[in-house]
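Engineer: quick one, structure for this:
(4 chains)
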There are 2 protein chains.
Amino acid sequence: MARQHDTSRNLSQKPQPRRSPTIADIARLAGVSPSTVSRSLAGNERIGKETRRRIADVARDLGYSVNRHARSLRMQRSGILLVLIPDIANLNYSDLLMQIDSIAHERGYDIRIGHTGVDAGRVDRQAEELFTGGIDGILLTSDYCPSSISQRLAAGEVLPVVRTLSPTAPDERIVGVQIDEEAAAFDAVSHLVKRDYRRIAHLAGSPGVLVSRLRMNGWRRALVEAGLQIPDKFIGEGFAVDDGRRAARSLMARTVYPDAVFCANDLSAYGLMAELQANGLKIPQDIAVAGFDDLSFSSLFSPPLTTVRLPRREMAEASVRYLVDLIDGKATPSPDYIPHQLIIRKSSGDRKMEYEKPGC
Amino acid sequence: MARQHDTSRNLSQKPQPRRSPTIADIARLAGVSPSTVSRSLAGNERIGKETRRRIADVARDLGYSVNRHARSLRMQRSGILLVLIPDIANLNYSDLLMQIDSIAHERGYDIRIGHTGVDAGRVDRQAEELFTGGIDGILLTSDYCPSSISQRLAAGEVLPVVRTLSPTAPDERIVGVQIDEEAAAFDAVSHLVKRDYRRIAHLAGSPGVLVSRLRMNGWRRALVEAGLQIPDKFIGEGFAVDDGRRAARSLMARTVYPDAVFCANDLSAYGLMAELQANGLKIPQDIAVAGFDDLSFSSLFSPPLTTVRLPRREMAEASVRYLVDLIDGKATPSPDYIPHQLIIRKSSGDRKMEYEKPGC
DNA sequence: TTGTACGCGTTATCAA
DNA sequence: TTGATAACGCGTACAA
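Structural biologist: Next comes the predicted model:
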């Protein structure tokens, strides 16, 4: 029985958002024990039909919802996946993130974001929570891997960690979901060859990153198979828009221009195109361009950019599924390559074609 | 004393990632009580110098890190902010999100993302955690507000909820951090007028959204003040790229073209420009274009897009600070408008100017 | 079918 | 300066 006369406490307490209902509250009002409420709300237990209804009613009336921290503490399981992303404001990652979020949700998980590009120390701390129960698993999307993770991996522990997007394995033991980067680059460059471009330069990514080497290898192999000459130097390096701009300037400083450029990603291709166009060069008439990623803006540029479409949806799906299986302790076979696709747009138009460019 | 001979349990247990150290473990090894460990690790308590050192050493050796769920449960405080975002893959939001994340971190908070555009029911459930201790506060970035929040707000409760980016208040009681949308639109259109454009059309946003009405008002007012005719119809509606494309087609179906279009946001301006250019129209010679948002790609288009820069960094900073103050129960004055800025680029180039377009 | 008792890891209060 | 104790809200083994 509540003591009806003890109003002093109510009067003295601050206007704090009053405590939200717990299963104990429901139990009291429904005239059952807390454990019965817990079981009933969990669903799949043997509970009296009438009891179940009464509990459900009270819970609804009270606006009950479970305290996730209490549950996580008790269950030693949080239902949270940590996704490590270098840069949310990069469309390649944010698009992937959206897919991951939606698929994780289908599997009953929420995601937290670890911003590796901004503050690695902070991300390392977030990753530690894998061992304190704060998070259940980690999804890597770049070659960054928190030190605590790689240490334990090296010690032979099996951890719920999966990598996608990036083909780089910070540790061999981390399973990855990826495309065949080299084959994709090969396809893109071979397409340029087929369109009669002959001096095909490469805007390489970052030298230290495996994905750059793979895409470069694809480019090189395509040239070799076509019997074309391989330039001794790239026209530039880097994945950022400004790297593309810089590459364009260095390109235009030469005596002989390439007639096509295969860029390691779309972003740098944007910068390259913008700078070339700002200096009066026409794409693809003067120089053709191809990229890698297929960001949503690539179809909007004038001319729209030919590029390799990264199957982000499929990668998200496969990697989340794999990670969840790992968490559940189910052994699953290591996944195959996800199929990629070359999207041909006007930036690589056949140089001998007539363009529907009006005017001029 | 640990029973040295009780190895049976170690043998029988599965290769589970063994339990991570707790303060109890540290206490045992350091020869003190758990409470002392807790206080010492928390920092600002009166702890013996030697004791403190010993505890710190043991904690480091064990690789201890705090269990966030246990702490949150005990503290009734999670250190997590829920940010409601319609679409992470929209640069306007993802850029804002990055700023928010970084500033929230400075203030000691982590953020969780609520994807209102994808699954509103799910977001409503996430918002419920404000009352169960799962999250400490909510940051709104669109006009979407979870039902449980608006209900309690309507009931007069004071909640740690702040809105930014969107000028729409789902509820008057929610404080907002915003720019003067109407003035910004006015500035953009006035700039077009100054550049001698006379038939300035408007690609409106979504009719139901306040931000659309504000930007439209700014457009209208600028025309009125310049003594120009106000078209009886918009050339289209919507914020998406495809809405811009559609608007371009409807525009080109007319007998008299406008000579400039003020778009409610950059994304729709991208679509408009792409479609106009695909049909041989030149920007700005045939039609000038201005947008709103200043996404990072707007400087890359050819021609680069004139637009209103949304001060996302400043908005993130002010709104997070305000939210944290609200959580801490500090009364702060409602913030003023954040200053905006018009970024003038070539898409609104003076029509009488000679362009450095080569060729032709 | 339901209730009792306990523990998940932490911090706050109180007493020493 | 330190330790014992309780409590945050939940789920579950065990007993009834």
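
Engineer: quick one: the nearest residue to A:Y64 once chain neighbours are set aside from A:V58, how far?
Structural biologist: Among residues not flanking A:Y64 along the chain, A:P21 sits closest, at 4.8 Å (Cβ to Cβ, 6 or more residues apart in numbering or on different chains). For glycine as for every other residue, the C-beta is placed from the backbone atoms N, C-alpha and C. Between A:P21 and A:V58 the distance is 9 Å, computed by Cβ to Cβ, to the nearest Å.

Engineer: can you pull the contacts of the residue nearest the centre of chain A?
Structural biologist: Ranked by distance to the mean C-alpha position of chain A (Cα atoms, centre = their mean), the top residue is A:L96 at 3.8 Å. Counting by Cβ atoms under 8 Å, 6 or more residues apart in numbering or on different chains, A:L96 makes contact with A:T141, A:T164, A:L165, A:R312, A:M315, A:A316.

Engineer: which of the residues you listed tops the neighbour count?
Structural biologist: A:T164 (29 neighbours; other Cβ atoms under 10 Å in any protein chain shown).

Engineer: surely that one touches A:D143?
Structural biologist: No: when contacts are counted by Cβ atoms under 8 Å, A:T164 is not listed as touching A:D143 (12.0 Å).

Engineer: is any part of stretch A:118-125 close to DNA strand C?
Structural biologist: No: for stretch A:118-125, no contact with DNA strand C is found by Cβ under 7 Å from any atom of the strand; the gap never falls below 13.6 Å.

Engineer: avg pLDDT for that stretch?
Structural biologist: Stretch A:118-125 carries an average pLDDT of 92.

Engineer: quick check: buried residues in that stretch?
Structural biologist: A:V118, A:R122, A:V123, A:D124 (16 or more other Cβ atoms under 10 Å in any protein chain shown).

Engineer: chain center to that stretch, what's the gap?
Structural biologist: The chain centroid and the centroid of stretch A:118-125 are separated by 17 Å, computed with Cα atoms, centre = their mean, to the nearest Å.

Engineer: next, see if it gets close to chain B.
Structural biologist: Yes: applying Cβ under 8 Å from any Cβ of the partner chain, one finds stretch A:118-125 in contact with chain B at A:V118, A:D119, A:R122, A:R125.

Engineer: if I pick A:G134, what's in contact with it?
Structural biologist: Contacts for A:G134 (Cβ under 8 Å, 6+ apart) come out as A:S78, A:I80, A:Q126, A:E128, B:N67, B:R68, B:H69.

Engineer: nearest residue to the first one in space, please, no chain neighbours.
Structural biologist: This means A:S78. Counting by Cβ to Cβ, 6+ apart, A:S72 is the residue found nearest to A:S78 once chain neighbours are left out, at 4.3 Å.

Engineer: list the residues that contact the one you found.
Structural biologist: A:S72 makes contact with A:S78, A:G79, A:G133, B:H69 under the criterion Cβ under 8 Å, 6+ apart.

Engineer: need those in a markdown table (columns: secondary structure).
Structural biologist: Converted to a markdown table, those look like this (DSSP: H, G, I helix; E, B strand; the rest coil):
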| residue | secondary structure |
| --- | --- |
| A:S78 | coil |
| A:G79 | coil |
| A:G133 | coil |
| B:H69 | helix |
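
Engineer: can you list the residues you listed in TSV and add neighbour count and distance to B:A184?
Structural biologist: Shown next, in TSV, are these (neighbours: other Cβ atoms under 10 Å in any protein chain shown; distance: Cβ to Cβ, whole Å):
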residue	neighbour count	distance to B:A184
A:S78	25	42
A:G79	16	42
A:G133	20	47
B:H69	26	44
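
Engineer: which of those residues sits closest to DNA strand C?
Structural biologist: Nearest to DNA strand C, judged by Cβ to the nearest atom of the strand, of the contacts of A:S72 is A:G133 at 6.7 Å.

Engineer: could you measure the closest one against B:A70, distance?
Structural biologist: Taking Cβ to Cβ, one finds A:G133 at 8 Å from B:A70.

Engineer: what sits in contact with each of those two?
Structural biologist: In contact with both A:G133 and B:A70: A:L73, using Cβ under 8 Å, 6+ apart.

Engineer: pretty sure A:I113 sits in a helix.
Structural biologist: No: under the criterion used here (three-state DSSP), A:I113 is strand, not part of a helix.

Engineer: that one: what's it in contact with?
Structural biologist: Contacts for A:I113 (Cβ under 8 Å, 6+ apart) come out as A:L82, A:V83, A:I85, A:I88, A:L97, B:D101, B:I111, B:I113.

Engineer: let's see it at 6 Å
Structural biologist: When contacts are counted by Cβ atoms under 6 Å, 6 or more residues apart in numbering or on different chains, A:I113 touches A:V83, A:I85.

Engineer: would JSON lines of the contacts of A:G134 with secondary structure and distance to A:S190 be doable?
Structural biologist: Below are these laid out as JSON lines (DSSP: H, G, I helix; E, B strand; the rest coil; distance: Cβ to Cβ, whole Å):
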{"residue": "A:S78", "secondary structure": "coil", "distance to A:S190": "47"}
{"residue": "A:I80", "secondary structure": "strand", "distance to A:S190": "43"}
{"residue": "A:Q126", "secondary structure": "helix", "distance to A:S190": "42"}
{"residue": "A:E128", "secondary structure": "helix", "distance to A:S190": "46"}
{"residue": "B:N67", "secondary structure": "coil", "distance to A:S190": "54"}
{"residue": "B:R68", "secondary structure": "helix", "distance to A:S190": "51"}
{"residue": "B:H69", "secondary structure": "helix", "distance to A:S190": "53"}
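
Engineer: which SSE is the residue nearest to A:S78 in?
Structural biologist: helix A:68-75 (DSSP states H and E).

Engineer: quick one: the helix or strand following that helix to helix A:68-75, angle?
Structural biologist: Next along the chain after helix A:68-75, taking DSSP H and E as the criterion, comes strand A:80-85. Relative orientation of strand A:80-85 versus helix A:68-75 (axes from the mean of the first three to the mean of the last three Cα atoms, to 10 degrees): 110 degrees.

Engineer: parallel or antiparallel, list what pairs with strand A:80-85.
Structural biologist: strand A:110-115 (parallel), strand A:137-140 (parallel) (DSSP bridges).

Engineer: those: which one's closest to B:Y197?
Structural biologist: strand A:110-115 (42.0 Å; Cβ to Cβ).

Engineer: spell out which parts of chain A neighbour DNA strand D.
Structural biologist: For chain A, the contact set with DNA strand D under Cβ under 7 Å from any atom of the strand comprises A:19-20, A:22-24, A:34-35, A:38-39, A:41-42, A:66-67, A:70-71, A:73-75.

Engineer: name the SS class of the closest residue to A:R173 other than its chain neighbours, please.
Structural biologist: In this structure, A:R173 finds its nearest non-sequential neighbour in A:L153, 4.9 Å apart by Cβ to Cβ, 6+ apart. Following three-state DSSP, A:L153 is assigned to helix.

Engineer: my read: A:L153 touches A:D171, true?
Structural biologist: Yes: assessed by Cβ atoms under 6 Å, A:L153 is found in contact with A:D171 at 4.6 Å.

Engineer: anything in contact with each of those two?
Structural biologist: By Cβ under 6 Å, 6+ apart, no residue touches both A:L153 and A:D171.

Engineer: can you get me a residue count around the residue in the stretch 251-360 of chain A that DNA strand D sits nearest to?
Structural biologist: When scored by Cβ to the nearest atom of the strand, the stretch 251-360 of chain A has A:D328 as its residue closest to DNA strand D, at 14.4 Å. Counted with other Cβ under 10 Å, the neighbours of A:D328 add up to 11.
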